[in-house]
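>>> Mind looking at a prediction? Sequence and model below.
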Amino acid sequence: MGNKNKVFLLCSVIVFAVILGGFSFSAYALKNEQSESEKILTEKSIGVSSKDEARIFQENSAGKIGMEAAERAQSLFPDIYAGVELTNDGSAVKIYLTKLSTEITSSIKNNIAADKILFHKSPNSLKQMLSIQEKVKDAFSDLKNNKDIKIVTFGPHIKAGKVKIEVENLTESEKKYLIEKFGESNIIIEDINPDDVPKLWASRVNDYAPWNGGDLIRDYRDALCTSGFPVHDSNNEYLLTAGHCFTEGLAVYNSSTYMGFISDRDFTNYGLDTELIDVNGGSSDLIWIGSATNPVIAQVTGATTSPVGYEVCQSGALSGEICDLVIKDNNLCVDFGVLLCDLVKTQHQYGNTAGQPGDSGGTFLTHCLHSFLLLRCFKCQKPIQNY
């Protein structure tokens, strides 16, 4: 993309945690709805970590305590809950609600220290924001083709409590039209420079079966991508990668070694930008982390979700592992020519490069100490499981 300190987490449909040398790493990804492909996994949480399904937060940390409170808030007050954000350098969480009262906040805190949980009033609940996003999604084709409004991204903005819409070369008349259509209390609109419009990347090297996540993969044209998490169902073993990398049925290679072929692909409007590589020789339960030139292997063991404000790392075959990426938004829809939804956007907090062409499809991770790890349950039409 033009401004490479921003990157969208594309197609990491399965999110896992891995442990190595006393540290644990958890992969963060997108909140997914049902895919057109029967074999593509879906994940049910958005911005909240379930205490029963994922404990990927530091022992006695704000992350662990606060996310449990956020889950409680969403469960007790679903009509006023608007989201959760890690804040104060990860030492606290901020819970957004459309209504604040002592009774409500006390129920959510449940005697947790006041400095660990902060509350902020939001103009819209998460339910309302997702409903607004659906209205934008329904109008997207008309806005793009008939009104020539170049919407680049749109989705709930937790801090603003509104749906944020980014428009390429936004004009005053376009801004006025969007406000009239969706309501000033429901949306915020920002102009995006053409150089900052996200672009799909599809352009460690000598691995062998069983294949690992983080391998450099290519097709016969030498279009480069990165393999994602290893997965399997009752019949076959696969690797995930980005749906924009290769077409269905295409052969995939690691260097000159045949890996397998694209058996399932979801790269359609409202899709997940995800595909499965049916691998020859099977897939492992391992992924590459560390640098591109000196990587190390880590085992996949657990899963979690992607709250705004959380720090993640990307492990791409060409860039290696890049950390200090912060989740800025989740639940985004982004126009890549194909309208992809349920994406998460990250930005490098120090302005450095967040990735490069060839990293597409790679895993996203976060580093934690003294983790409590549980495997996540996934909803699948045709069950694909983590190892």
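Happy to help now that I have it.
>>> What helices and strands are in contact with whichever strand or helix holds Met259?
Applying DSSP states H and E as the criterion places Met259 in strand 257-266. Using 3 or more C-beta pairs under 8 Å, 6 or more residues apart in numbering; DSSP states H and E as the contact criterion, the elements in contact with strand 257-266 are strand 237-242, strand 251-254, strand 274-279. In this view, the C-beta of every residue, glycine as well, is placed from N, C-alpha and C.
>>> now those as JSON lines including distance to Ile189 and mean pLDDT?
Rendered in JSON lines, the data for the helices and strands packed on strand 257-266 read as follows (distance: least, C-beta to C-beta, whole Å; pLDDT from 0 to 100):
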{"stretch": "strand 237-242", "distance to Ile189": "29", "mean pLDDT": "92"}
{"stretch": "strand 251-254", "distance to Ile189": "40", "mean pLDDT": "92"}
{"stretch": "strand 274-279", "distance to Ile189": "29", "mean pLDDT": "93"}
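>>> wait, which of those strands is closest to Leu339?
strand 274-279 (14.8 Å; C-beta to C-beta).
>>> hang on, the earlier thing: take the helices and strands packed on strand 257-266 and write them to TSV, including mean neighbour count and distance to Ile151.
Listed next are those as TSV, based on neighbours: other C-beta atoms under 10 Å; distance: least, C-beta to C-beta, whole Å:
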stretch	mean neighbour count	distance to Ile151
strand 237-242	27	22
strand 251-254	20	33
strand 274-279	28	22
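>>> can you put these in a markdown table and add distance to Thr102?
Rendered in a markdown table, the data for those read as follows (distance: least, C-beta to C-beta, whole Å):
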| stretch | distance to Thr102 |
| --- | --- |
| strand 237-242 | 46 |
| strand 251-254 | 58 |
| strand 274-279 | 45 |
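>>> Please name whichever of these is nearest to Val326.
Each of the helices and strands packed on strand 257-266 was scored for nearness to Val326 using C-beta to C-beta, and the closest is strand 237-242 (21.4 Å).
>>> which other helices and strands contact the closest one?
Helices and strands touching strand 237-242, by 3+ C-beta pairs under 8 Å, 6+ apart, are strand 211-213, strand 224-226, strand 230-233, strand 257-266, strand 274-279, strand 283-290.
>>> got a pLDDT number for the nearest residue to Gly161 once chain neighbours are set aside?
Spatial nearest neighbour of Gly161, chain neighbours left out: Ser122 (3.3 Å); criterion: C-beta to C-beta, 6 or more residues apart in numbering. As predicted, Ser122 sits at a pLDDT of 96.
>>> count of residues packed around Ser122?
The burial count assigned to Ser122 is 24, neighbours taken as other C-beta atoms under 10 Å.
>>> Quick one: residues contacting it.
Taking C-beta atoms under 8 Å, 6 or more residues apart in numbering as the definition of contact, the neighbours of Ser122 are 82-83, 96-98, 161.
>>> change it to 6 Å
Residues in contact with Ser122, defined by C-beta atoms under 6 Å, 6 or more residues apart in numbering, are 82, 96, 98, 161.
>>> Burial check on Asn294, number of neighbours?
Asn294 sits with 8 neighbouring residues when counted by other C-beta under 10 Å.
>>> now for the helices and strands packed on strand 257-266, which one comes closest to Gly337?
Comparing the helices and strands packed on strand 257-266 against Gly337 with C-beta to C-beta, the closest turns out to be strand 237-242 (14.1 Å).
>>> Count residues in the vicinity of the closest residue to Lys150 other than its chain neighbours, would you?
For Lys150, ignoring the flanking residues on the chain, the nearest one in space by C-beta to C-beta, 6+ apart is Glu168 at 4.0 Å. Burial measure for Glu168: 15 neighbouring residues, criterion other C-beta under 10 Å.
>>> hang on, Ala82 is in a strand, isn't it?
Yes: note on Ala82: a strand contains this position according to DSSP: H, G, I helix; E, B strand; the rest coil.
>>> Adding distance to Leu340 as columns, could you present the helices and strands packed on strand 237-242 in a markdown table?
Written out in a markdown table, the entries for the helices and strands packed on strand 237-242 read as follows (distance: least, C-beta to C-beta, whole Å):
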| stretch | distance to Leu340 |
| --- | --- |
| strand 211-213 | 21 |
| strand 224-226 | 16 |
| strand 230-233 | 20 |
| strand 257-266 | 9 |
| strand 274-279 | 10 |
| strand 283-290 | 23 |
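>>> And these: which comes nearest Leu343?
Nearest of those to Leu343, taken as C-beta to C-beta: strand 274-279 at 11.1 Å.
>>> I am finished for the moment; much appreciated.
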